[in-house]
Structures are given as C-alpha cells and as structure tokens.
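>>> Structure for this input, please:
(2 chains)
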2 protein chains.
Amino acid sequence: MNFLSELEKRSGKVNAALDELLPAAGEYPPIIHEAMRYSLFAGGKRLRPVLALASAEITGGSTEDIMPAACALELIHTYSLVHDDLPAMDNDDLRRGMPTCHRKFGEAMAILAGDALLTAAFELITRCPLRGRITPERMIRVVAEVASAAGTAGLIGGQVVDVISAADRIDGETLAYIHRNKTGAMYRVSVRTGAILSGAGEEDLERLTGYADHLGMAFQITDDILDITGDDQLMGKPSGSDLKNNKATYPALYGMDEARKMAALEADMAVRCLESFGPEADFLRELVWFVIRRSH
Amino acid sequence: MNFLSELEKRSGKVNAALDELLPAAGEYPPIIHEAMRYSLFAGGKRLRPVLALASAEITGGSTEDIMPAACALELIHTYSLVHDDLPAMDNDDLRRGMPTCHRKFGEAMAILAGDALLTAAFELITRCPLRGRITPERMIRVVAEVASAAGTAGLIGGQVVDVISAADRIDGETLAYIHRNKTGAMYRVSVRTGAILSGAGEEDLERLTGYADHLGMAFQITDDILDITGDDQLMGKPSGSDLKNNKATYPALYGMDEARKMAALEADMAVRCLESFGPEADFLRELVWFVIRRSH
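Numbers count the residues shown, from 1 in each chain, chains lettered A, B, ... in the order given. Okay, here's the model as predicted:
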C-alpha cells in the first residue's frame, strides 16, 4: 500500500462529502457560511473522519452510510480550532499559513462560526441513512458519545485545564490529562463512531478504543516534538509557538530523547491493539507510523 | 388557575432537574462547571422547557420522561446568552443585575462555558428514557430539529443578521427575520420537542408550531416595548440598552402604538392555534396573556 496516496484518496472523499453536506457559502446569511467553510477547508488531514471510516471498514460497516457522522467529527475539530485561536484564548493570527477565522471575519463572526460548526455536527450525525447496520439505537449512542467526548469530560475539559495551566509549570499528570481530553477524546470517539454505527461487538470496540488512545498520545507527543524541531510548513503553525505561549510540552517536561521514546512506545502499543485484525487493518497500522515519522 | 403560581411550580421542577442533570460544580475541572451553573442558575422563567413540558402534557406524553430534552432547550438558551454578552458581541456587563459570565469568569472561560452548555444539550436529549411514547426514531428527530433550530437556519442565523445589522437602519423584513430566527426558532422547537417525543400527530404538531411562532413574535415585540418603557428589574437588563446599542426594534420601526397592536394581534393568533384543544391547553393560553401583560 502506498500509504500517503491512500490517505489522500480517503481525505479527498471526506472533503467532497463535507462540501456536499455543509450549507453553500451563498446561503443566507452568507457571511456565517463563508466563515464556516473558510475554516473547514483551510486544509488538514481529516484524520478524525478517516479514523471513523477505517473503523467502519474493518468492522463490516458501510463507509458511505456513516460518512455524515464522520464529517461531524471534522466539524467539531474545526470548531475547537476556531475558538482556540480567539484573542481571549491562544490569540493566534495564523493557522496553516492563513489568517485565522477571527482575523479574516472578525471576532464576533468567529465565535458564531465555531458555534455553528459544533451545532451542525449534531445535525449531520442524524443524516446517516437508517439502513444496513445503522439502527436508530446505534445512532443515539453515537450522539451521546460524541457529545460526551466533545464536552467537559473530553475536549472542552482538556482545553479548560490547558487554559488555566498555561502560565504555570505543570506536572506530567496534568499534561497527560490535557492531551487525553483535548486531543485524545475526539480520536477515541472517532473510531468508536465508525465501529458503533457498523454494529461492531464490544471486544472489537475495546480494541479500536485502545488503538485510538495510544495513537492520540503518539500524535500529541510528536506534535510537541515538532513544535521544537519542525518547520512551520509541516506544522501549519509557527514552530516554537508552544514555547512562546509558555505551554507545557512533553520535551519540556521529560527532555527530547525521553519524549521520542514515549512517542515510539505509544505507537507500538497502538499497533498491538490491532493484533486480532487481519490485513484489512493495515491502513490503521500504517497511520501510526505516519504519525510518528513526522518527528524524525 | 393561578397562572403565576402554576408557572413557578413548573419552572421549579425544571430547576430541580437541571441541578440533577448537570455535572456538579466541584467536578473536575471545577471552574467550567461553576461557570456553566453560574449562568444557568442566574434566574429566568425557563419558558422553553416549560413549553416543551406543556406540549407533552396536552399530547398525552410523560413530562417526567421528556424532562432531559426540555432541560436541553434551556442549556441552548443559556449558551446563546453567554456568547451574546461577550465583548466581541453585545459587550454586556450585567444580566439580571448580576455580572455576566465573562465579567465573572473571564472571557476564555465564558466562551468555553457557552460551548460546554451547547454540547451538553445534545447529550441531555439522549438521556430521555426510551420507554412509553419515546422511541429511538422520535429521539433522533428531536436531535435533528433542535440542531437545526439552534444552527444557521435558526438561532445562530438570527444572531448573525442581528450582529451585522446593528449599526444600520434595517427594514421590517430583516427585523422579522432576526426575531423569527434568534428567538422564534427555539420557541418553535421547544413545543415540537415535547410533542414529537409524545408521539403527537402531524396536525397537533402543526397547531402547536403555529402557537409557538405567534407566541415568539408576541414575546419579542413586547420585549422591544419593555426596553423603552419597562424598568430594569422586570427586564433583567438595563432598559434602553437596545437604543444604546443602536439596535432595530419594533417601536423604533413602527412606532409604539402600532407595536402594541402587533403584539396583541400575535397573541390573539397564538391562542387561536389552540382552538381544537380543550381545557388541558389552558396553561398555554394563559402563558400568552402573561407574555403580553408585561408591556402594560
């Protein structure tokens, strides 16, 4: 498998679906739909939808039917970036080399665009067709799990602790909490969304959940490493911006060598969670090494 | 019926349910749950949940079983107030005589508290027990309708046009759009939530929808009138604040007498939508006059 072209193919399908499922830019009132689309189509690997689709695939579901729910995960990810970038939060002017949403559309519209992306996510989940393995009960479970992962026991909780800890030196436990929730919870619910809608058994669900948890940690540690060693192009934000913002990172807390070892260990554990799956899980395996390789 | 004591009884039940359904203030990370609860319990008549419960009641549903969905509507209302008050939006320091969320907890936490209330709303809907008339299909329909009413075709759309129109003189059509969406969409989906979960037929659903649309207009016009004539206590915000913010209002556009007539007409039409219901709809009828009487 040529992993990169496979990833590109899959994220291309997600982009096409997002374009189809979101209100057109001209729909009234146009400015909010422009702002939503501006941030949504500013780039990105679509990792969360891709994880959901791959999970559906290896548990016997229809990637086509779960696509709206997969797209919902990207909407939530984008909303969190738009709000994180706001002056009251990280106050970032650029993301992926382009003006952030509030720099382009103003602060009020960026707040509303984030709100609208989050709201639209829940509407999208309900647009999965109720056929094949997608039962109403499974759809409700996905709404509940996505809301929980995006809420104060997940994404928002992680962001809250990140915000209130920004100026302090924080310990390893707090750092792990931030990443387990700010990044990890959405990775976890992404694989679970694909698997639940596909009627996966609880054992497969557990395996995929373990995979996502370790993948999320590997990704986050690697992100911290890249913030120091990487170039701006690869990161989509100025390298050193975590240092600028005095943020706690794995290299800062454990040293660069140890952080690299931790990332490799998490990657290894992620792959091991997939042991009971056959070659149909190769894409998810390769994805782990893709995430890690970025740091070397 | 003593309407006021009946309203108080019902909103008291909603308050008790909100307290039970929301994460405790001490739950980690505590500051976000404190901020959510601060804004949620700052007062308010709980009109949206009360509308949902009353709709369930007159269409044969269980008010107890739909309570989590009714509470979800109040969470969405509160989130919209928290974000509307932000410096980038209306920049209000006080709401109901108390510091607004961002004045009390800082801007970052107010943005996150709003996000968290919106997210928790969708989780709450899924916590209605699947028994009696509440089927999974009806629950999914409610998730879809609430997301749509809260999104850019409803609440957010109205707020967007309100924000971008604030500095201009706007026409009657635009003003009607703002209110139909900013306030009206959530009233409408409130009665629909109660009726759909109770398995109401499409005809009753239409009647209740018409009721809510006219009630919402009556409420909004009255609100505009009170902003000029009312006292701060009754309004929960400084009177004249719409004028201060150069906002379009019904009295500004049509004159005070005409605005009063319009409110009375909307109230009349709201009550007429309930003609086919018996005395079980008396509470909803009285509610209309309660809304109108505030302006006299």
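>>> list the contacts for A:Arg141?
The contact partners of A:Arg141, by CB atoms under 8 Å, 6 or more residues apart in numbering or on different chains, come to A:196, B:126. (C-beta placed from N, C-alpha, C; glycine too.)
>>> buried sites along the helix or strand containing it?
Element membership for A:Arg141 (DSSP states H and E) is helix A:136-150. Of all the residues in helix A:136-150, those buried under the rule 16 or more other CB atoms under 10 Å in any protein chain shown are A:136, A:138-150.
>>> Could you save those residues as JSON lines and add columns showing distance to A:Ser11 and pLDDT?
Converted to JSON lines, the buried residues of helix A:136-150 look like this (distance: CB to CB, whole Å; pLDDT from 0 to 100):
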{"residue": "A:Pro136", "distance to A:Ser11": "29", "pLDDT": "97"}
{"residue": "A:Arg138", "distance to A:Ser11": "25", "pLDDT": "98"}
{"residue": "A:Met139", "distance to A:Ser11": "24", "pLDDT": "98"}
{"residue": "A:Ile140", "distance to A:Ser11": "28", "pLDDT": "98"}
{"residue": "A:Arg141", "distance to A:Ser11": "26", "pLDDT": "98"}
{"residue": "A:Val142", "distance to A:Ser11": "21", "pLDDT": "98"}
{"residue": "A:Val143", "distance to A:Ser11": "24", "pLDDT": "98"}
{"residue": "A:Ala144", "distance to A:Ser11": "27", "pLDDT": "98"}
{"residue": "A:Glu145", "distance to A:Ser11": "23", "pLDDT": "98"}
{"residue": "A:Val146", "distance to A:Ser11": "20", "pLDDT": "98"}
{"residue": "A:Ala147", "distance to A:Ser11": "25", "pLDDT": "98"}
{"residue": "A:Ser148", "distance to A:Ser11": "26", "pLDDT": "98"}
{"residue": "A:Ala149", "distance to A:Ser11": "21", "pLDDT": "98"}
{"residue": "A:Ala150", "distance to A:Ser11": "21", "pLDDT": "98"}
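>>> I'd assumed A:Gln159 was in contact with A:Tyr177.
No. The pair A:Tyr177 / A:Gln159 is not scored as a contact, 11.4 Å apart, by CB atoms under 8 Å.
>>> Looking at those two, which has the bigger crowd around it?
Using other CB atoms under 10 Å in any protein chain shown as the criterion, A:Tyr177 and A:Gln159 rank with A:Gln159 on top: 26 against 20.
>>> Count the residues that sit near the closest residue to the more buried one other than its chain neighbours.
The shortest distance from A:Gln159 to any non-neighbouring residue, by CB to CB, 6 or more residues apart in numbering or on different chains, is to A:Lys182 (5.5 Å). Neighbours of A:Lys182 under the rule other CB under 10 Å: 22.
>>> Angles on the backbone of A:Lys182, please.
Backbone torsions for A:Lys182, taken as degrees, to the nearest 10, come to phi -70, psi -40.
>>> Also A:Phe277?
The phi/psi pair for A:Phe277 (degrees, to the nearest 10) reads phi -90, psi 150.
>>> ok, now which ones touch the nearest residue to it once chain neighbours are set aside?
Nearest residue to A:Phe277, sequence neighbours excluded (CB to CB, 6+ apart): A:Ile58, at 5.7 Å. Residues in contact with A:Ile58 (CB under 8 Å, 6+ apart) are A:277, A:280-281, A:284.
>>> hmm, 10 Å instead?
Shown in contact with A:Ile58 (CB atoms under 10 Å, 6 or more residues apart in numbering or on different chains): A:191, A:194-195, A:198, A:200, A:204, A:207-208, A:274, A:277-284.
>>> Equivalent analysis for A:Leu274, please.
A:Leu274 neighbours (CB under 10 Å, 6+ apart): A:58, A:207-208, A:210-211, A:280-282, A:284-285, A:288.
>>> can we see that at 8 Å?
A:207, A:211, A:281, A:284-285.
>>> If you rank these by neighbours, which is first?
A:Tyr211 (27 neighbours).
>>> hmm, back to that, for PyMOL, write the select line for the buried members of the contacts of A:Ile58.
Remark: buried members of the contacts of A:Ile58, expressed as a PyMOL selection using 16+ other CB under 10 Å:
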select buried, chain A and resi 191+194+195+198+200+204+207+208+274+277+281+282+283+284
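>>> how about the nearest residue to A:Gly172, chain neighbours excluded?
Nearest non-adjacent residue to A:Gly172, counting by CB to CB, 6+ apart: A:Leu253, 5.9 Å away.
>>> Next, count neighbours for the one you found.
17.
>>> In space, what's closest to A:Tyr187 - neighbours in sequence excluded?
The spatially closest residue to A:Tyr187, leaving aside those adjacent along the chain, is A:Gly216, at 3.9 Å (CB to CB, 6+ apart).
>>> any idea how far A:Arg293 is from the one you found?
Using CB to CB, to the nearest Å, one obtains 17 Å as the distance from A:Gly216 to A:Arg293.
>>> Same check on A:Tyr250?
Counting by CB to CB, the gap from A:Tyr250 to A:Arg293 is 17 Å.
>>> who has more neighbours, these two?
The neighbour comparison of A:Tyr250 against A:Arg293 (other CB under 10 Å) goes to A:Tyr250, with 25 against 11.
>>> residue contacts, that one?
A:Tyr250 sits next to A:175, A:220-221, A:224-225, A:259, A:262-263 when contact means CB under 8 Å, 6+ apart.
>>> Check A:Leu75 too.
Contact partners of A:Leu75, counting by CB under 8 Å, 6+ apart, are A:40, A:117-118, A:120-121, A:124.
>>> do the same with A:Val160
By CB under 8 Å, 6+ apart, the contact set of A:Val160 is A:152, B:29, B:31-32, B:109, B:112.
>>> With A:Leu18 instead?
For A:Leu18, the contacting residues are A:40-41, A:71, A:74, by CB under 8 Å, 6+ apart.
>>> among those residues, which two are most distant?
Greatest spacing in the contacts of A:Leu18, by CB to CB: A:Phe41 and A:Cys71 (12.3 Å).
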